[in-house]
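Asker: build me a model from this:
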Amino acid sequence: MRSSALVSGVLFLLLLVLVAAGWTPLLSFDRSVAEALHRDAVADPGLTGLNRVLSDWVWDPWTMRALAAAAVVLLWMGRERRLALWVAGTSLLAVGLQQGLKSLVGRERPEWDDPVDSARFAAFPSGHAMTAMVTCGLLLWVMALRWRDEWRGWGALTVAAVVSVLGVGWTRIYLGVHWPTDVLGGWLLGWCCVAVSVLTYRWSARRGLWTGAGIAAAGAGGTGASGRDGSGAGGAGAGDAQDGGIGGGSRMGEAR
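Answerer: Modelled structure (predicted):
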């Protein structure tokens, strides 16, 4: 997972620099792909309508955020409060990062004489693509972390997640509201956010943060050396046990 976070982060930064610098070969690629797909969209209103439904309703960022919110509520009700806060925090930070980069880069969206759809705000990175990647990645991780042994629908769930992430990216380019590299940037940054979230969760678990053992160890800090040693051992044991479960979840995420 560490290498995944590093690779996706480096690739995103490289793409960001090229987009911000207006590298001509990249812009030419974006324009050629966007123009070809726009011609198809104008010529086929039926397919365009389907793509609009998928983009604006099925895979809309608010739909994805609703799924993430539902997962947070279920985790909270199931007393998995640290994990619930982690999912909520990652989702919120991803939104803030996305909007901040849009404002910073200020890339214009494609403009057409005969548009088939419209969108607001700057283009890079694609909010639809990034939100889908973050939400689907987090949901797969949470389910692998907590229910990997009880549930047998992993194949269908993984296919649905992959189709959603790739599909929403396709619709944004097909409808002429994003350049291809906007979508690529959203995917890369979204996956980097998920990977960093998983890594920091594992790091906190190793140190027994937010767990009963960790709190007990902190509270026993002033009671004496023997108290400190006993609590510290309990915290370490809890951290090691929890990290074992998380490691299995992260391996499932990597396999995806």
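Asker: what about residue 13, distance to residue 61?
Answerer: Residue 13 sits 23 Å away from residue 61, going by Cβ to Cβ, to the nearest Å. From N, CA and C alone the C-beta is placed, and that goes for glycine too.
Asker: what of residue 123?
Answerer: Counting by Cβ to Cβ - residue 123 and residue 61 are separated by 15 Å.
Asker: okay, the two: which has more neighbours?
Answerer: The residue with more neighbours, out of residue 123 and residue 61, is residue 123; 24 against 19, by other Cβ atoms under 10 Å.
Asker: the more buried one and residue 108: what is the separation?
Answerer: From residue 123 to residue 108 the distance is 6 Å (Cβ to Cβ).
Asker: what of residue 9?
Answerer: Distance, residue 9 to residue 108, using Cβ to Cβ: 25 Å.
Asker: ok, these two, which is more surrounded?
Answerer: residue 9 (17 against 9).
Asker: show me the shaky parts of this protein.
Answerer: 149-151, 209-256 (pLDDT under 70).
Asker: and for residue 160, the neighbour number?
Answerer: Applying other Cβ under 10 Å, we find 14 residues neighbouring residue 160.
Asker: which stretch of helix or strand covers it?
Answerer: Element membership of residue 160 [criterion: DSSP states H and E] is helix 154-174.
Asker: the closest residue to residue 118 other than its chain neighbours in helix, strand or coil?
Answerer: Among residues not flanking residue 118 along the chain, residue 177 sits closest, at 6.9 Å (Cβ to Cβ, 6 or more residues apart in numbering). Secondary structure, DSSP: H, G, I helix; E, B strand; the rest coil: residue 177 is coil.
Asker: you'd agree residue 177 is up against residue 122?
Answerer: No - the criterion here is Cβ atoms under 8 Å, and residue 177 misses it with residue 122 at 11.6 Å.
Asker: list residues touching both of the two?
Answerer: residue 109 (Cβ atoms under 8 Å, 6 or more residues apart in numbering).
Asker: so those two - more neighbours on which side?
Answerer: residue 177 (23 against 18).
Asker: the more buried one and residue 31, how far apart?
Answerer: From residue 177 to residue 31 the distance is 15 Å (Cβ to Cβ).
Asker: next one: residue 133
Answerer: For residue 133, the distance to residue 31 - Cβ to Cβ - is 25 Å.
Asker: higher neighbour count, the two?
Answerer: Neighbours around residue 133 and residue 31, counted as other Cβ under 10 Å, are more numerous at residue 133. The numbers are 29 against 13.
Asker: for the more buried one, which residues are in contact?
Answerer: By Cβ under 8 Å, 6+ apart, the contact set of residue 133 is 165, 186, 187, 190, 191, 194.
Asker: and with 6 Å instead?
Answerer: The contact partners of residue 133, by Cβ atoms under 6 Å, 6 or more residues apart in numbering, come to 165, 187, 190, 191.
Asker: the second one is in what secondary structure piece?
Answerer: So the one you mean is residue 187. helix 180-206.
Asker: next, the angle helix 154-174 makes with that helix.
Answerer: Angle of helix 180-206 versus helix 154-174, following axes from the mean of the first three to the mean of the last three Cα atoms, to 10 degrees, is 140 degrees.
Asker: quick one: buried residues of helix 180-206?
Answerer: Within helix 180-206, the residues scored as buried using 16 or more other Cβ atoms under 10 Å are 180-198, 201-202, 204-205.
Asker: show residues contacting the one helix or strand residue 98 maps to.
Answerer: Using DSSP H and E, the element containing residue 98 is helix 81-105. Contacts with helix 81-105, where a contact means Cβ under 6 Å, 6+ apart, come from 20, 68, 71-72, 75-76, 121-122, 124, 127, 130, 134, 138, 193, 197, 201, 210.
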